[in-house]
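Novice: Have a look at this prediction, sequence included:
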Protein chains: 2
Amino acid sequence: MASHGFWFLGAENATGNGSQSPNTPLLNVGEAEKTAQAQVKAEDGSTVESCGCNKPCNCPKATVCFSDLYSTDLLPALDGDAKTMNFLQEVVDILLAYIVESFDRSTKVIDFHYPNELLQRNNWELSDEPETLDDILISCRATLKYAIKTAHPRYFNQLSTGLDMVGLAADWLTSTANTNMFTYEVAPVFVLLEYVTLKKMREIIGWQDGRGDGIFSPGGAISNMYAMLLARYKMFPEVKEKGMSSVPRLVAFTSEHSHFSIKKGAAALGIGTESVICIKADERGKMIPSDLERRIIEAKQKGYVPFFVSATAGTTVYGAFDPLMAIADICKKHDVWMHVDGAWGGSLLMSRKHRWKLNGVERANSMTWNPHKMMAVPLQCSALLVREEGLMQSCNQMQACYLFQQDKHYDLSYDTGDKALQCGRHVDIFKLWLMWRAKGTIGFEAQIDKCLELSEYLYNKIKDREGYEMVFDGKPQHTNVCFWYLPPGVRYLEDKVEKMKRLHKVAPVIKARMMEYGTTMVSYQPQGDKVNFFRMVISNPAATFEDIDFLIEEIERLGQDL
Amino acid sequence: MASHGFWFLGAENATGNGSQSPNTPLLNVGEAEKTAQAQVKAEDGSTVESCGCNKPCNCPKATVCFSDLYSTDLLPALDGDAKTMNFLQEVVDILLAYIVESFDRSTKVIDFHYPNELLQRNNWELSDEPETLDDILISCRATLKYAIKTAHPRYFNQLSTGLDMVGLAADWLTSTANTNMFTYEVAPVFVLLEYVTLKKMREIIGWQDGRGDGIFSPGGAISNMYAMLLARYKMFPEVKEKGMSSVPRLVAFTSEHSHFSIKKGAAALGIGTESVICIKADERGKMIPSDLERRIIEAKQKGYVPFFVSATAGTTVYGAFDPLMAIADICKKHDVWMHVDGAWGGSLLMSRKHRWKLNGVERANSMTWNPHKMMAVPLQCSALLVREEGLMQSCNQMQACYLFQQDKHYDLSYDTGDKALQCGRHVDIFKLWLMWRAKGTIGFEAQIDKCLELSEYLYNKIKDREGYEMVFDGKPQHTNVCFWYLPPGVRYLEDKVEKMKRLHKVAPVIKARMMEYGTTMVSYQPQGDKVNFFRMVISNPAATFEDIDFLIEEIERLGQDL
């Protein structure tokens, strides 16, 4: 109980019989307020107007001033309460400085410390007592000091990188509007913008007149889970009331290179991971359609019911695009829901040069598409798009009477909350919408095309370079470039087993050194029987050819002694 | 295809054979860049340093200047690129003005327009071409003009209201840091702050030494779904691989007043809504323990397996607290997972005066607690807390090798992402942590106590007032005050059926008028056989006694002719 503070010791002794805690509350603002709503005595005995805060606060009656009992209980006043506005402006100044620094190649991507060390370098504890505003500003600075600069042009670690200034501004506005997506009533503009944007995305997919449905969900994993949920409901609507025990054994199919969220979703939905059948991929990581068909037929022969195929448009590691047209033919033939997980690759639909890689997506029943990845929209922004109208609503609605009242005075079709799994839902739409307005579709196209060019540049640079080996042949389809760097000490080893064993340790060591120097970050992993290799991805519009050159030099600098 | 634009017509004709789209890309920045990385010719023929943007951009080599092909493709420069910084500062100025306005009682809570009207009042469409930065600022202003002012001291419509200045600053910082919670590698500070804060919350619940587990999830519905998922896995771990067909029929229990997310979760998890047994509540909305035990025994007799009881601490409509101690006894006796849905009422644990209402919560296996409600943390911030360590990890992990590499150089226990259903997860912790630092626990206590005092003030004011009828007797346990307002024309009707019929229509009309005048907003709903009544809730620390007085006056003003 040491770190527990004085605070809850009393409360734990409180009885459950409805009496109040034996401790006297520290503060009893309200009681006093009731008797002093308009005027209070000032220290000099004169009567002073008060906003109702029980002190001669000198703010006009209409002003909010709940309490300055604590210096940090800030509320803005009608006249722009200087203290509050100064505080917010100081925070903004800290953020603006951080932004400038983040894009500066001479600064570190990360000032890395091990968890225990970082815990000790600062006081992160929560206590009973308030801190001053100056302390709060110090905490903001400390938090940013040890944060990863995800906007840094040499941060290549994840599929989501970069920081778009319009997107950021939009996210600041979203925080300030601080509302919830469940009804038109509380988010009129955002609900309409979601409607407009989802329709536009469906048009881009190629669904007739942009018809269909969709939602912005908290990430691609949840979007994929929604798709699986809808596919199951479409085939067996009784599952909603009666559960999985009312339906035959369902099986889903996805490639062995697909994202782990397909299995995670199957586990959560009560389908079970063993009912997700992994289809073979070719050496480029693309699902092999003939294997899909074979496994579907096999499952049917066993008496299972194939209900869901998740094709991947842009796999996480290889960036591979499954052959959607062939998969669509198979799904149609066997009457199975076709989902396209385009969390990573879906944005290529915005590029006239690259959208052919998703040909066939227009035949899918649903698609996951994360603008927070390749379109560099701030986190999170993930869309699930569904071809059939009305299905999400009937699958998920529970008609809570306190939220989705049927006797409201406006068109209830805009109360979209009941089609969600969530009740409250964060506003993820505004940043995408505002960026789209700022760039236009051609702006997103230029940004995406440039990242793909950078990856092709990297591929061309290393494919024949000494000490490098590509994980698969051919130029990348997405911005993923997968390669081994073989340091001189490993490069010429003749014992193949020993060589692989040593090579397996190269990428983790180079990565750890990158983080300790803070110069760049790139991901690595093994895959199947392949030992650890680097997976380079580019989604940051700030990256340049020079940064690619730097990455290669840095890998060689950090790895040459291994 | 009318609104589709010229954009995708070409792409739709593209062949799927791997060739590029027949359309020539508009831009081909990268090709040129490759040949012009350091120096370019200026118009006057001289050689000028370039950052790699293929233009004599005059920015230092280290500076980012991807493109000003579009005025809105902004990236900040090393020296604080004036254009970018001015834009962000202009947005901040818009936001600061909006904040001041939001707290001003003389402004409208909402400038309401019907959906079709709002669609027409502004151009919200997305197009191929970019807009200017001035247009973007206009869009920001328009969005805020039609937004709900959720910070307004007279906005009582939802359980989440208000706008905390430190919380807002923290959310701006979160957006700027723009990262993801899955690994320590990409969110070192935020991962540690989540660890510190969840531990503190578990201490407050009363779990020994704050031990256990937890996660911040995208809202209370998902937190509740996590709890159900864990309860099922705890009893039948094989369900993860084999699905629901491998387990007997499971049944869950919750009160008839509980949140709809329990049924929604059961539908999604393949349990089915019919397997959620609704337990009777007393007239105050509290679960009746004897009915719970009866239904558990009944279910067992039918051969079903009771696996999950969700008690509610603060129901959505009545604000009722289920008797947790008695429920804990029953759960223990029958060996059933006890979950406490404290999304709304959990924050009362922060108050020495009110925490007795949750006595027994320390015996629960899991708890949902949404700081974005009664603690007024900006949306979203919902915690699921779990007593057993390690369970979340084993239930949800899929061990994706590209994210949770086992050969990293730091303590992998801080890579918490694999215990989540999500892959990427938004940073929801910083706003709560920073507010906690700013207020201290006693600041949250004062804020919560004040809201409860306001609701008691409302209750005392209307309980004997002419024209009002309380939906249930006794003073409120939470800030929910449920009441009917009976306009004079309804008040004296003798035909009870007619009276109820007329009364049912009163709240919706008054609410619609509130929105049209924009003066205040409060929720209403029917419940069971009770016709529409108002549900007043107070979670905004900016609200005062004067605002409560105003609400009553406004209801009477808007309803007197009904």
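Specialist: Sure, I can see it.
Novice: for chain B, what are the nearby residues on the stretch 251-400 of chain A?
Specialist: A:259-261, A:263-264, A:266-275, A:316-317, A:325, A:351-356, A:359-360, A:372, A:378-380, A:382, A:396, A:398-400 (Cβ under 8 Å from any Cβ of the partner chain). Using the backbone N, CA and C atoms, a C-beta is placed for each residue, glycine as well.
Novice: which ones among those are found in helices?
Specialist: In helices, defined here by DSSP state H, the members of these are A:261, A:263-264, A:266-268, A:325, A:396.
Novice: Can you add neighbour count, distance to B:Glu516 and pLDDT and give those residues back as TSV?
Specialist: Shown next, in TSV, are those (neighbours: other Cβ atoms under 10 Å in any protein chain shown; distance: Cβ to Cβ, whole Å; pLDDT from 0 to 100):
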residue	neighbour count	distance to B:Glu516	pLDDT
A:Ser261	29	44	96
A:Lys263	23	50	97
A:Lys264	26	46	97
A:Ala266	27	48	98
A:Ala267	27	48	98
A:Ala268	29	43	98
A:Met325	15	52	98
A:Asn396	22	31	96
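Novice: now, which of these sits nearest A:Phe103?
Specialist: The shortest gap between A:Phe103 and any of those belongs to A:Ser261, at 31.6 Å (Cβ to Cβ).
Novice: check contacts around that closest one.
Specialist: Remark: with contacts taken as Cβ atoms under 8 Å, 6 or more residues apart in numbering or on different chains, A:Ser261 is in contact with A:220-221, A:224-225, A:341, B:423.
Novice: how many other residues sit next to the nearest residue to it once chain neighbours are set aside?
Specialist: Distances taken as Cβ to Cβ, 6 or more residues apart in numbering or on different chains put A:Ala221 closest to A:Ser261, at 3.5 Å, once the chain neighbours are dropped. Other residues within reach of A:Ala221, judged by other Cβ atoms under 10 Å in any protein chain shown, total 27.
Novice: Same check on the one 5 residues further on?
Specialist: Per other Cβ under 10 Å, the neighbour tally for A:Tyr226 reads 26.
Novice: What of A:Lys475?
Specialist: Residues lying near A:Lys475 (other Cβ under 10 Å) number 12.
Novice: Leaving out sequence neighbours, find the closest residue to the residue of the stretch 101-250 of chain A at minimum distance from chain B.
Specialist: Among the residues of the stretch 101-250 of chain A, A:Gly243 lies nearest to chain B; the distance is 2.9 Å by Cβ to the nearest Cβ. Of all residues beyond its chain neighbours, the one nearest A:Gly243 is B:Gly272 (2.9 Å), with distances taken as Cβ to Cβ, 6+ apart.
Novice: My read is that A:Gly220 contacts A:Gly346, right?
Specialist: No - here A:Gly220 does not reach A:Gly346: they are 9.5 Å apart, not a contact under Cβ atoms under 8 Å.
Novice: any shared contact partners between those two?
Specialist: Residues touching both A:Gly220 and A:Gly346 (Cβ under 8 Å, 6+ apart): A:368, A:370.
Novice: measure A:Phe550 to A:Thr107 for me?
Specialist: According to Cβ to Cβ, to the nearest Å, A:Phe550 and A:Thr107 sit 14 Å apart.
Novice: for A:Leu173, that is, sorry about that
Specialist: Distance, A:Leu173 to A:Thr107, by Cβ to Cβ: 27 Å.
Novice: who has more neighbours, these two?
Specialist: The residue with more neighbours, out of A:Leu173 and A:Thr107 and counting by other Cβ under 10 Å, is A:Leu173; that gives 25 against 17.
Novice: which residues does the residue nearest to the more buried one when sequence neighbours are not counted contact?
Specialist: Spatial nearest neighbour of A:Leu173, chain neighbours left out: B:Cys140 (5.8 Å); criterion: Cβ to Cβ, 6+ apart. Applying Cβ under 8 Å, 6+ apart, one finds that B:Cys140 lies in contact with A:169-170, A:173, A:434, B:91, B:94.
Novice: Switch those residues over to TSV; also include distance to A:Gln477 and secondary structure.
Specialist: Conversion of the contacts of B:Cys140 to TSV gives the following (distance: Cβ to Cβ, whole Å; DSSP: H, G, I helix; E, B strand; the rest coil):
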residue	distance to A:Gln477	secondary structure
A:Ala169	33	helix
A:Ala170	30	helix
A:Leu173	36	helix
A:Leu434	30	helix
B:Val91	37	helix
B:Ile94	42	helix
